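>>> just the structure for this:
(chains A and B)
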Amino acid sequence: MSLRNFIDKAVSPWMQADGPDSDIVLSSRIRLARNLSEFAFPVIASKQQSEKALEHIKTRIKDQSYHTLGKFEWIQMDELEPIEKRVLVEKHLISPYLDKDSKYSAVLINESESVSIMVNEEDHLRIQCLFPGFQLNEALTLANGIDDWIEEKFNYAFDETRGYLTSCPTNVGTGLRASVMVHLPALMITQRMNRIAPAINQFGLAVRGIYGEGSEALGNVFQISNQITLGKSEEDIVEDLRGVVMQLINQEKAARKDLLKMSKVQLEDRVYRSYGILANSRIIHSKEAAKCLSDVRLGIDLELIDELPKTILNELMVLTQPGFLQHYFRESLTPDERDIRRATLIRERIQLENSDQSTD
Amino acid sequence: MECQECHIRPATLHFTKIINGNKTEVHLCEECAREKGEGFTGSNAFSIHNLLSGLLNFEQPMSDHGAEEPAQTIQCSKCGLTYGEFARIGKFGCDECYKAFNNKLNPILRKVHSGNTTHTGKIPKRIGKDISARRKLTDLKRQLHEHVEREEFEEAAKIRDVIRELENGGES
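Residues are numbered from 1 along each chain as shown, chains lettered A, B, ... in the order given. Sure thing, here's the model as predicted:
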């Protein structure tokens, strides 16, 4: 498979679209947790119960389409190879939990991969909507629509006082997790993030590095999400998150401006060194790759580099993860081999851009 | 001891591998261990759920005086989960568990959701029709009351009419 084809398959179509504030907000996500009242929750369900619940959901929802989203593809987890599941995790279409810990589970995915509905995860249904850029309200509206559509077919576990009943008490009420992925290189370079992150926590929001809970931010990309799901309306939860992210955007923009004004040459040096490493290295660790990609993306946003597309960060962040590398090179790789292949893939990707331009 | 991979963080995971009599020792921090991936299970072992389950068990026997049923043995009649098991895994087993353990839930929910115990968000369109109607009525009555208190009688009259209409609609 050519690299271009692979990228087209690997990067979800929704990711290739441009969204508002996409120089800082990479994506917006809404997730709703829902359960059916007839069945025990997947976490304690027996084999037979899980199978029954899965079948119940499958017959009512498979091959159905929702408005403009087109048909959902029903993908059963036990029919996938481990590497295929890993790729779905790296694309954020399923959770690591669905990959590893769940039994008799499935996922419904629409064509542009902007919507995924996990079945028999920790809850019976997990509806997830992904949008490029800063579009939390749009994602919430879509998720609500899908939720209503699904509710026509199933009896949700709902209680007037406690709201939507979820397996974990941390999700009860709205069952809503709203999150945004933000790229904050300037706040990191200027070390302002150290002060901002604790302040964000004060608002009942969580700040995490991407890919892995609690780990440091890979490539200066953070996920900000709500913690509280009970006692606030969906709109208020989203609005509170939106307000904080708006401020983050302004802070990051101010920091970028300061950097350009005070230390333009140093910034250019940093950006071009990283570009040099990506374009030429033969072995690159995921951490170094993430750091360099972040620098290069900042360079593109500040128009210091103009020969690369904006989406290269999002794209290569996904492509250089272990699952994708192995998928692309069609073999399982040791960590050392991965670092070599990662460097190869990044070089090829950058060359692709240069050759595209020369043929234009 | 520092992590032998990144040489930055302290090593918190220590492994000894013996293959054909060759002994190798590995000292890693959690980050690098996760990165290496192989053979390390439960990367999220210390997650919010563990913390939560600690929280659930941290229960003072204040309310359990003498004759009352000990909390641990309260059982959900639908799925069979006991409060003890719920506290251990930090997860409910089915929708009925919320009713079965209801007396114990408020302090837990308050801790997890900044003091909140009651849902104020979306109500499902189909199964929640009655609830929505009832809520709307309560809300309108509250508004009516407020307008009367502020002596805004014109507004109050409008709302009164809407309430009448809704109530009649419900009966017919």
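>>> and chain B, what are its domains?
The record, using automatic domain parsing to delimit domains, assigns chain B the ranges B:13-46, B:49-112, B:128-167.
>>> where does the stretch 101-250 of chain A have low pLDDT?
Residues of the stretch 101-250 of chain A that meet the criterion pLDDT under 70 lie in A:210-216.
>>> residue in it with the shortest distance to chain B?
The nearest approach of the stretch 101-250 of chain A to chain B comes at A:G231, 2.4 Å away (Cβ to the nearest Cβ). Every residue, glycine included, has its C-beta placed from N, CA and C.
>>> now do the contacts for that residue.
When contacts are counted by Cβ atoms under 8 Å, 6 or more residues apart in numbering or on different chains, A:G231 touches A:G173, B:H113, B:S114, B:G115, B:N116, B:T117, B:T118, B:H119, B:T120.
>>> for the spatially closest residue to A:C168 that is not a sequence neighbour, give me its contacts.
Spatial nearest neighbour of A:C168, excluding adjacent residues (Cβ to Cβ, 6 or more residues apart in numbering or on different chains): B:K91 at 5.5 Å. The contact partners of B:K91, taken as Cβ under 8 Å, 6+ apart, are A:F41, A:V43, A:I44, A:E122, A:S167, A:C168, B:H49.
>>> of these, which belong to strands?
Among those, no member falls in strands (DSSP state E).
>>> any chance of those residues in CSV, with neighbour count and distance to A:L140 too?
Written out in CSV, the entries for the contacts of B:K91 read as follows (neighbours: other Cβ atoms under 10 Å in any protein chain shown; distance: Cβ to Cβ, whole Å):
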residue, neighbour count, distance to A:L140
A:F41, 27, 25
A:V43, 20, 26
A:I44, 21, 30
A:E122, 22, 21
A:S167, 26, 22
A:C168, 20, 21
B:H49, 17, 26
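>>> which one of those is nearest B:E152?
Proximity of those to B:E152, judged by Cβ to Cβ, is greatest for A:C168, which lies at 45.4 Å.
>>> the closest one against A:E122, yeah?
Yes: in this structure, A:C168 is within contact of A:E122 by Cβ atoms under 8 Å, at 6.3 Å.
>>> which residues in chain A form strands?
Taking DSSP E as the criterion, chain A carries its strands at A:25-34, A:73-76, A:106-109, A:115-119, A:125-132, A:158-159, A:163-164, A:176-183, A:205-209, A:221-226.
>>> now the fourth one - C-alpha only, CSV.
Put plainly, it is strand A:115-119. Output for strand A:115-119, consisting of C-alpha atoms alone and laid out as CSV, is shown next (Å, rounded to 0.1, in the frame of the first residue of the first chain):
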residue,chain,number,x,y,z
VAL,A,115,-19.3,8.9,15.5
SER,A,116,-18.7,5.7,17.3
ILE,A,117,-21.0,3.8,19.5
MET,A,118,-19.4,1.3,21.7
VAL,A,119,-21.5,-1.6,22.9
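>>> re earlier: the residue nearest to A:C168 belongs to a strand?
No: counting by DSSP: H, G, I helix; E, B strand; the rest coil, one finds B:K91 to be coil, located in no strand.
>>> for the domains of chain B, which one sits closest to A:L93?
Taking Cβ to Cβ, domain B:13-46 is the member of those nearest to A:L93, at 18.9 Å.
>>> need the strands of chain A in a markdown table (columns: mean neighbour count and distance to chain B).
Written out in a markdown table, the entries for these read as follows (neighbours: other Cβ atoms under 10 Å in any protein chain shown; distance: least, Cβ to the nearest Cβ, whole Å):
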| stretch | mean neighbour count | distance to chain B |
| --- | --- | --- |
| strand A:25-34 | 25 | 9 |
| strand A:73-76 | 16 | 23 |
| strand A:106-109 | 24 | 20 |
| strand A:115-119 | 25 | 16 |
| strand A:125-132 | 24 | 12 |
| strand A:158-159 | 20 | 5 |
| strand A:163-164 | 26 | 3 |
| strand A:176-183 | 25 | 7 |
| strand A:205-209 | 19 | 9 |
| strand A:221-226 | 22 | 10 |
